[in-house]
Structures are given as C-alpha cells and as structure tokens.
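Chemist: need coordinates for the following:
(one chain, ligands or ions: 1)
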Amino acid sequence: MAFKIAVIEGDGIGKEVAPEGIRVVEAAARLFDLDIAWDRLDWGCDRHARFGRMMPENGLERIAGHDAIFLGAIGWPTVSDVESLWTLLMPIRREFQQYVNLRPVRLFEGAPSPLANPGRIDMCIVRENNEGEYSEIGGRMFPDTDQEMVVQETILTRRGCDRVMRFAFELARKRRRKVTSATKSNGIVYTMPYWDERFRAMSSEFPDVATDQYHIDIMAAHLVGRPASFDVVVASNLFGDILSDLGPAVTGTIGIAPSANLNPERRFPSMFEPVHGSAPDIAGRNIANPIGAIWSGALMLDHLGATEAAEAIIGAIERVLASGENLTRDMGGTASTTSLGMAIADAVSARTERGVAAHG
Ligand code: ATP
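Modeler: Predicted structure coming up:
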C-alpha cells in the first residue's frame, strides 16, 4: 500500500512530537510494506510571522488529494488563538467535512492515573466537529457603549446530529455496544432537547446498542467517579472538547491523548493530531510526551486500512509504558521526547521480529 501524507508539524511542541509520530509510523511501515510519502508543509505561526498567513491561499486545494493529514499542534503567543485556529485548523476540519472528532481514552498499565481506583478505562469520545457551539454566527452591537451586547449562536442541524450519532452507534457495535450522550437539555432549552430527540431517533435504529444520557455537569463528575462505565460517548462540539481533556486527565496525562478528525465518507482527507496544543511553557526543551502524536499515527494507519501496522504501534505503546522505562516528565519519568519516541519505534520492530520468529 502507498500513501501520500501532508505533514503540518505546526508550532511549539508540535515540532517535537510530530517527528516522533513519523518515526514510529515509519518503523511500522517498514515491517508491513507500506510506502509512505510525507509532504512536509511549513504551515503555522512561523509562516504567519513571515507572510501574514497561517497557510497559503490555495492551501486546501494543495492537500485535497492527499490520503491524510498528520498534524502536530497549532498556536503560539505571537498570533491570536482566534486567528491561528480559524485560518488553519477550522478551515481544514470544515472544508474537508471532518465532522467526527474521535478521541480514544485508555488507561495503560504503567501510566499513572490520579484516581485511587480507576478500574479499566477504555472509552471513545465522539465529538461533533463541524457545527454546534463553535459557529461563526453572531456579532457585537453598540461596541464601547453601555448598551454593548454580543450574541453567539449554536447551530445544530438534523444532518449534523444524525451523521455524528450514527458514527457513534456504528463504532459501539465494534466495541462494548453502549453509547452515552452528553446533553444539557434542562438549561439549554432549544438546541439540547433537539440533540436528545435526534439521539432517541438514532438509537431506535440500533436496538442492539444500549444507551444512556447525562447532563454535562454530572457527566463530568461520572467521568472522574466511574470512568470505567463508559464505552462510546457522543457529544456536541463544546461538550466533546471539554470531556476529551477530562478523559485523558483521569488516565494520567493529556500528553498521551490522540485524535482523528474524520471524513467517514472519505471524500476528503482526514486529519490526525494529538489532543494537546502547542504548550509554549514546555516547548523547545525535548520533554513533551510524544505518545499523543504516536497514537494519532496509529489512528491514521487504521483509517487508511493498515490495521496490523496500527495494532503494532498500540502494542508497542502498551509495552513501553508497562516497562516503566523511558517515561517523560508528565508521567513521572525523566526521559526526553526523542528517547520515548525511539523506544516505541524499537518496540514496534522488536515485536514484529518476535512475531515472525513465532510463526516461522
Ligand atoms: P490548546 O488551547 O491549543 O489546547 P493550551 O496551551 O491551552 O493549548 P495545551 O497545549 O494542550 O494547552 O497544554 C496544556 C498544558 O498541558 C501545557 O501547558 C503543558 O504543560 C501540558 N502538556 C500539553 N501537552 C503535553 C505533552 N505532550 N507532554 C507533556 N505535557 C503536556
């Protein structure tokens, strides 16, 4: 199999973790005969400083034909968050109809959870990625007067709700057959009751999948109190964003959390990136945890149909974490970004050599 991947390392620790993701994907590619061409793009805040834009004007056209996009992190204090997000990440997610943001959350053996009795945490947060609370509809009136007012609209469409919920139910069928919906229909009285209505309608098409739903406030408490009870969680753009920082926090560190921005119909490339941002506070010191980027690389291979290669990467992460060696600072160790990346790449190669020997 041959793939062409657009690489946007981006800013801050994105420049440190994305190369480790590539290192590990390359290790898997060598062993599973994948031919990957990495098309490296200098898009991000450095480019903005030179040319006044996060990406070229025809940026999306340039990568529309690629098989996937592999991204590090975007954002730097020299460019406003609104500018960096809305002129690079948001256009990619929206123009390429990446309406599912899939964020797996797992507690690995060896990764320190802050919970005393976490149990077996293994869930997938399915966040709506194209509409909801993050809309461009709104405005400000009477600026700088005592009548000043702002409005920001939440947009939920039937198509938008149904397609992300359908994805969640189909995913649950491949897992433990349970979908939990995050809502707030007691306080947000138009959009969230509609979300609940669509959830009920979708669940009737999947009678073999169990469902429940919670208001977002108690849901946040349950994610800490009994995280092992969740399988697939489906949530709107804002609620999913919050829950998917909370989930990794109970499994030890946001540094390991991956995400996939998926266009399930594959009309456009999907984009794979760690959940964390550019973390300027630790950037340039080779101490960031690269597992979020590496696991995102595994999600990318899985999406591209290279399932065995993806599984080899997950297995390697599991073994390196369980060994307790080469952990970065956020996991209680002293290892560098590169040494953890290299350890996982070595574990990918070692496992397959053993696998070949065992089968031979
Ligand atoms: P964004 O708004 O884009 O999510 P942010 O700067 O608010 O960005 P993050 O970049 O996700 O938030 O980081 C929050 C904090 O978590 C950082 O300040 C950093 O200390 C820590 N952190 C994030 N990613 C990692 C990582 N890969 N390894 C170690 N620590 C990390």
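
Chemist: OK, contacts around S244?
Modeler: Taking C-beta atoms under 8 Å, 6 or more residues apart in numbering as the contact definition, S244 lies against 101, 103, 105, 125, 127, 257, 259, 275. Every C-beta, even on glycine, is put in place using the N, C-alpha and C of the backbone.

Chemist: for these, which one is nearest the ligand?
Modeler: Within the contacts of S244, proximity to the ligand (C-beta to the nearest ligand atom) peaks at V275, which comes in at 7.2 Å.

Chemist: distance check, that closest one against E20.
Modeler: 16 Å (C-beta to C-beta, to the nearest Å).

Chemist: what of D346?
Modeler: Plainly put, D346 is 12 Å away from E20 if you go by C-beta to C-beta.

Chemist: more neighbours, these two?
Modeler: Set D346 next to E20 and count neighbours by other C-beta atoms under 10 Å: E20 wins out with 26 against 15.

Chemist: tell me which element that one falls in.
Modeler: Following DSSP states H and E, the helix or strand that holds E20 is helix 14-31.

Chemist: quick check: what element follows that helix along the chain?
Modeler: With DSSP H and E, the next secondary element past helix 14-31 is strand 35-41.

Chemist: hmm, back to that, may I ask which of the contacts of S244 has the most neighbours?
Modeler: Within the contacts of S244, I125 tops the neighbour count with 31 neighbours, counted by other C-beta under 10 Å.

Chemist: can you tell me the strand partners of the helix or strand where it lies and which way each runs?
Modeler: Using DSSP H and E, I125 sits within strand 122-128. Paired strands of strand 122-128, with direction, are strand 100-106 (antiparallel), strand 232-235 (parallel) (DSSP bridges).

Chemist: dump those to a markdown table, plus distance to the ligand.
Modeler: As requested, those are arranged in a markdown table below (distance: least, C-beta to the nearest ligand atom, whole Å):
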| stretch | distance to the ligand |
| --- | --- |
| strand 100-106 | 13 |
| strand 232-235 | 17 |
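
Chemist: a markdown table for those strands, including mean pLDDT?
Modeler: What follows is the strands paired with strand 122-128, written out as a markdown table (pLDDT from 0 to 100):
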| stretch | mean pLDDT |
| --- | --- |
| strand 100-106 | 96 |
| strand 232-235 | 98 |
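
Chemist: out of those, which is closest to V151?
Modeler: Distances from V151 to each of the strands paired with strand 122-128 were compared using C-beta to C-beta; the minimum, 23.3 Å, belongs to strand 232-235.

Chemist: and the contacts of that closest one?
Modeler: 123-128, 164-165, 168-169, 171-172, 175, 178-182, 199, 216, 219, 240, 243.

Chemist: in strands, which of the residues you listed fall?
Modeler: In this view, the contacts of strand 232-235 that belong to strands under DSSP state E are 123-128, 178-182.

Chemist: by neighbours, which of those residues wins?
Modeler: I125 leads these on contacts (other C-beta under 10 Å) with 31 neighbours.

Chemist: G138 against V150, yeah?
Modeler: Yes: in this structure, G138 is within contact of V150 by C-beta atoms under 8 Å, at 6.9 Å.

Chemist: residue nearest the centroid of this structure?
Modeler: Centroid-nearest residue in the chain: S259, 1.5 Å away (criterion: C-alpha atoms, centre = their mean).

Chemist: that one should be in a helix, yeah?
Modeler: No: the assignment for S259 is strand, going by DSSP: H, G, I helix; E, B strand; the rest coil, so no helix is present there.

Chemist: if we can go back for a sec, what's the most distant pair in the ones in strands among the contacts of strand 232-235?
Modeler: E128 and K178 (18.8 Å).
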